[in-house]
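Enquirer: Make a model of this:
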Amino acid sequence: MAAARTDDPTAGPSDTAPDATETASLALEPANDCTGTPDNRTFYSSVAAAVAWTVYCPVLPSGWFVEGGSYRLGGGGRLVVTYRGPAGAHFTLREGHWCTDGSGCAPTGADGGATGFGDHEGSLVTAPDGSVAIVVDAGAPVSWELVGDGLDAGTIRTFGAALIAVGG
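Expert: Numbering: from 1, shown residues only. Presented below is the predicted three-dimensional model:
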């Protein structure tokens, strides 16, 4: 995974995932079905083992790759992973304690109704900039979001429904 985003504080001792020995002992299922490399799947499993909320990963069609990702364990933890796909399409997963007060962190726009986010029900939103999102529990202590750019609502619904709960 790529290094933490520049707006994330530098990882300290409390912001580290389990070491390689702990990671090797983790049962990687269902992370084995996550899109990406073995390192990407281990990343998801490691974060899931270190946080108290459910971590989700996507199962995507051919042509999608992890572009970057970061996690932070402090403050309850959060995970952000961005994927790049065909024709310049992107989507980003944000999970955990990233949108705790609901003050503009979740996209607003046209309500597309309820839709799946793994085993959760989320709200589909089409933003004025053309991005499409699924938001679950925005403003709650733990929330989840999938935001797509260059993807239509049907594709976002499909990606959201196919998310796998890795642990939590």
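Enquirer: Let me know the average pLDDT across the top helix by length along the chain.
Expert: With DSSP state H setting the assignment, residue counts place helix 38-50 as the longest helix in the chain. Per-residue pLDDT values over helix 38-50 give a mean of 91.
Enquirer: Give the closest residue to the residue most central in space within the chain in space, chain neighbours not counted.
Expert: In the chain, the residue lying closest to the centroid (Cα atoms, centre = their mean) is L93, at 2.8 Å. Of all residues beyond its chain neighbours, the one nearest L93 is V81 (5.0 Å), with distances taken as Cβ to Cβ, 6 or more residues apart in numbering. C-beta coordinates here come from the backbone N, C-alpha and C atoms, glycine included.
Enquirer: Quick one: list the elements packing against the longest helix of the chain.
Expert: In this structure, helix 38-50 makes packing contacts with helix 20-25, strand 55-57, strand 65-72, strand 164-167, judged by 3 or more Cβ pairs under 8 Å, 6 or more residues apart in numbering; DSSP states H and E.
Enquirer: Mind listing what's buried along that helix?
Expert: Taking 16 or more other Cβ atoms under 10 Å as the neighbour-count basis, helix 38-50 is seen to contain the buried residues 40-50.
Enquirer: Now do that helix and strand 65-72, the angle between them.
Expert: Here the directions of helix 38-50 and strand 65-72 differ by 30 degrees (axes from the mean of the first three to the mean of the last three Cα atoms, to 10 degrees).
Enquirer: returning to that earlier point: is it true that the residue nearest to L93 touches F65?
Expert: No - counting by Cβ atoms under 8 Å, V81 sits too far from F65 to count as a contact (11.1 Å).
Enquirer: Who has more neighbours out of the two?
Expert: Taking neighbours as other Cβ atoms under 10 Å, V81 and F65 compare with V81 leading, 26 against 13.
Enquirer: Am I right that R157 sits in a helix?
Expert: Yes - inclusion of R157 in a helix is indicated when DSSP: H, G, I helix; E, B strand; the rest coil is applied.
Enquirer: circling back to that earlier point, which element is the residue nearest to the centre of the chain on?
Expert: In this structure, L93 is located in strand 90-96 according to DSSP states H and E.
Enquirer: For the closest residue to A153 other than its chain neighbours, name its beta-bridge partners.
Expert: By the measure of Cβ to Cβ, 6+ apart, the closest residue to A153 outside its immediate chain neighbours is V132, 5.1 Å from it. The residues paired with V132 through beta bridges, assigned by DSSP bridges, are T126, G148.
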